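**Student:** what follows is a predicted structure for the sequence shown.
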Amino acid sequence: EQELLTCKDEALTVTYGKKMIPLKKSVHIYEADLFSNTMYLKHKSMPHYPAYRYEGMPIFFVSSVQKEDIEVVDMHVATKLDIIQSIFFILSNYEEQIQTEDILYDEHGRLKLENRTLYKEEYFDRPIVNDYSRFFCKLSERIGVKGLWNVPRHMSAHVSHDVDYPYEITLGDRLQILLFGRILGLPVKRIISSGSETISTIEKENDIVSSWYFKGGGKSKYDDRYKITNGCILEFVSELKERGCEIGFHYSYAASEDEGLAKRESELVKKSLDIDYLCGRNHFLRCKSAKSWKIYEKIGIVYDTTQGCAECEGFMNGICIPYKLFDVQNNCELNVWEIPLLVMDGTLRRETYRNYTADEALDRINELLKVVLEFSGVFTILWHNTSIHGKYWEAWFEEVYKPTMKVIGRVYRCSMKGTDIINKYNMNE
């Protein structure tokens with residue numbers, strides 16, 4: 001296949017395949033073996049560990065046609081480093097499609113960190129797909145085509161909140177529920193959590209426009225079920241809308257693999273909260289890409305932002321810009337965008353995950369912000385509405401969350417809601 005790219009007044013021809021066509025001002029990427037009928041979706045197609053390296057960057061698929069990594073002849077350049085297949089491998093979650101006995105999942109059905117290729121290759125701190133793009137631009141420069149990497153340094157930030165439990169959870173509130181609700185069977189008036197209101201106030205002060213994802217049910221022990229039509233929830237949602245925030249859907253624990261459940265929940269959220277489109281994230285970051293992504297498309301999810309790692313912050317998806325999900329089994333693009341998640345509050349704080357101090361957590365957030373800025377990408381952070389009160393979270397809220405919002409809103413001035421980010425990239429497709 002050939003694609004014509006125009007850079008200023010120069011034309012660059014890009015070719016990809018087993019054989020090279022030596023055209024003037026052309027870049028050829030030799031095709032490796034992943035897409036062959038004898039390899040595709042078979043265990044033997046998985047890249048070897050450790051991967052082949054070029055200037056410290058892992059290349060997961062390498063052609064054997066050419067001896068040198070890069071060869072330049074006259075006005076064309078060829079490389080055996082198949083970044084096309086390497087990008088496909090990362091963005092399609094290919095490693096999750098290959099079911100083998102040595103692949104380990106945690107108790108929530110998520111691929112364990114130790115099994116993730118990018119983590120094993122110690123490349124979680126940089127978006128490798130973006131690095132591949134820069135590598136391609138450098139190839140072009142070898143034949144005099146310059147300017148492809150003139151990317152304006154202006155990133156976007158997506159701040160989001162999974163509303164696992166919306167109500168106030170003080171001791172008095174719990175006693176009221178126990179006495180009047182469960183023992184006497186009387187209706188109990190609920191109030192929205194002060195944490196949610198505090199978060200909203202701080203974000204307003206820092207010009208943050210965030211996305212709030214509400215649940216429509218759930219059937220597992222991990223779901224705190226609440227009535228989405230409760231008056232205090234509807235009132236709070238109305239306030240968020242007035243502030244320009246985005247309201248979305250927080251799919252319950254089992255919804256990632258249960259299309260019927262996901263459909264019922266999504267319809268309830270959409271109707272009850274009066275929203276025009278669906279967007280959101282799955283509870284516990286649960287996702288089986290071979291099945292979940294198809295469910296997202298069937299129920300009409302515009303964008304998802306589940307793709308992040310609970311065990312470790314960073315670029316699990318190898319990219320810091322939105323992209324369309326892909327159905328590996330049927331070889332087709334899905335009509336669902338993904339905004340990959342980089343940072344989750346619990347990842348940084350919990351002893352079973354990173355167990356950082358507040359200072360260490362803030363340093364890591366700032367490091368990731370700088371990397372995203374380098375590629376004019378999208379920085380994404382999930383902070384639960386409950387991660388604010390109590391001995392466990394109070395100091396962190398002051399020392400991590402507040403400074404982060406100030407940096408995003410006042411220093412970088414880059415806060416955007418999810419659909420605005422998608423629209424921005426959709427226009428550039």
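**Tutor:** All right, it came through fine.
**Student:** pLDDT score for the closest residue to residue 327 other than its chain neighbours?
**Tutor:** Once flanking residues are discounted, residue 327 sits nearest to residue 334: 5.6 Å by CB to CB, 6 or more residues apart in numbering. For glycine as for every other residue, the C-beta is placed from the backbone atoms N, C-alpha and C. On pLDDT, residue 334 comes in at 98.
**Student:** can you tell me the strand partners of the helix or strand where residue 334 lies and which way each runs?
**Tutor:** Here residue 334, judged by DSSP states H and E, is contained in strand 332-338. Strand 332-338 pairs in its sheet with strand 301-304 (parallel), strand 323-327 (antiparallel), by DSSP bridges.
**Student:** out of those strands, which is the most enclosed?
**Tutor:** With neighbours taken as mean count of other CB atoms under 10 Å, the strands paired with strand 332-338 reach their highest mean count in strand 301-304, at a mean of 24.
**Student:** if I read this right, residue 60 contacts residue 88, doesn't it?
**Tutor:** No. Residue 60 lies out of contact with residue 88 (CB atoms under 8 Å); the separation is 9.6 Å.
**Student:** who has more neighbours out of those two?
**Tutor:** More neighbours surround residue 60 than the other of residue 60 and residue 88, with 27 against 18 (other CB atoms under 10 Å).
**Student:** what's the nearest residue to that one if we skip its chain neighbours?
**Tutor:** In this structure, residue 60 finds its nearest non-sequential neighbour in residue 47, 3.9 Å apart by CB to CB, 6+ apart.
**Student:** check what pLDDT that neighbour gets.
**Tutor:** 94.
**Student:** any idea how far it lies from residue 199?
**Tutor:** The spacing between residue 47 and residue 199, counted by CB to CB, to the nearest Å, is 41 Å.
**Student:** between those two, who's got more neighbours?
**Tutor:** More crowded of residue 47 and residue 199, by other CB under 10 Å: residue 199, with 26 against 21.
**Student:** now that one: how far from residue 403?
**Tutor:** 14 Å.
**Student:** quick one: contacts of the longest helix seen in the chain?
**Tutor:** Ranked by number of residues, the top helix in the chain under DSSP state H is helix 358-374. The contact list for helix 358-374, computed with CB atoms under 8 Å, 6 or more residues apart in numbering, reads 125-127, 153, 155, 313-314, 320, 342-343, 348-349, 354, 356, 378-379, 381, 395-396, 399-400, 403-404, 407-408, 412.
**Student:** try it again with 6 Å
**Tutor:** Residues outside helix 358-374 that contact it (CB atoms under 6 Å, 6 or more residues apart in numbering) are 153, 155, 320, 342, 348, 379, 396, 399-400, 403-404.
**Student:** got it, and stretch 262-282?
**Tutor:** 213-214, 216-217, 228-229, 237, 247-252, 255-256, 295, 299-303, 305-306, 418.
**Student:** could you do stretch 340-350 as well?
**Tutor:** The contact list for stretch 340-350 (CB under 6 Å, 6+ apart) reads 305, 307-308, 310, 313, 317, 353-354, 356, 361, 368, 380-384, 387.
**Student:** recalculate using a threshold of 7 Å.
**Tutor:** Contacts with stretch 340-350, where a contact means CB atoms under 7 Å, 6 or more residues apart in numbering, come from 305, 307-308, 310-315, 317, 319, 353-354, 356, 361, 364-365, 368, 379-384, 387, 396.
**Student:** can I have the buried ones of these as a ChimeraX selection?
**Tutor:** Buried subset of these, written as a ChimeraX selection, criterion 16 or more other CB atoms under 10 Å:
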select :305,307,308,310,311,312,313,314,315,317,319,353,354,356,361,364,365,368,379,380,381,382,383,384,387,396
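**Student:** just the ones in strands from the contacts of stretch 340-350, please.
**Tutor:** Among these, DSSP state E puts 379-382 in strands.
**Student:** pLDDT and distance to residue 338 added to these, as JSON lines?
**Tutor:** Putting the ones in strands among the contacts of stretch 340-350 into JSON lines (pLDDT from 0 to 100; distance: CB to CB, whole Å) gives the following:
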{"residue": "379", "pLDDT": "98", "distance to residue 338": "15"}
{"residue": "380", "pLDDT": "98", "distance to residue 338": "10"}
{"residue": "381", "pLDDT": "98", "distance to residue 338": "16"}
{"residue": "382", "pLDDT": "98", "distance to residue 338": "14"}
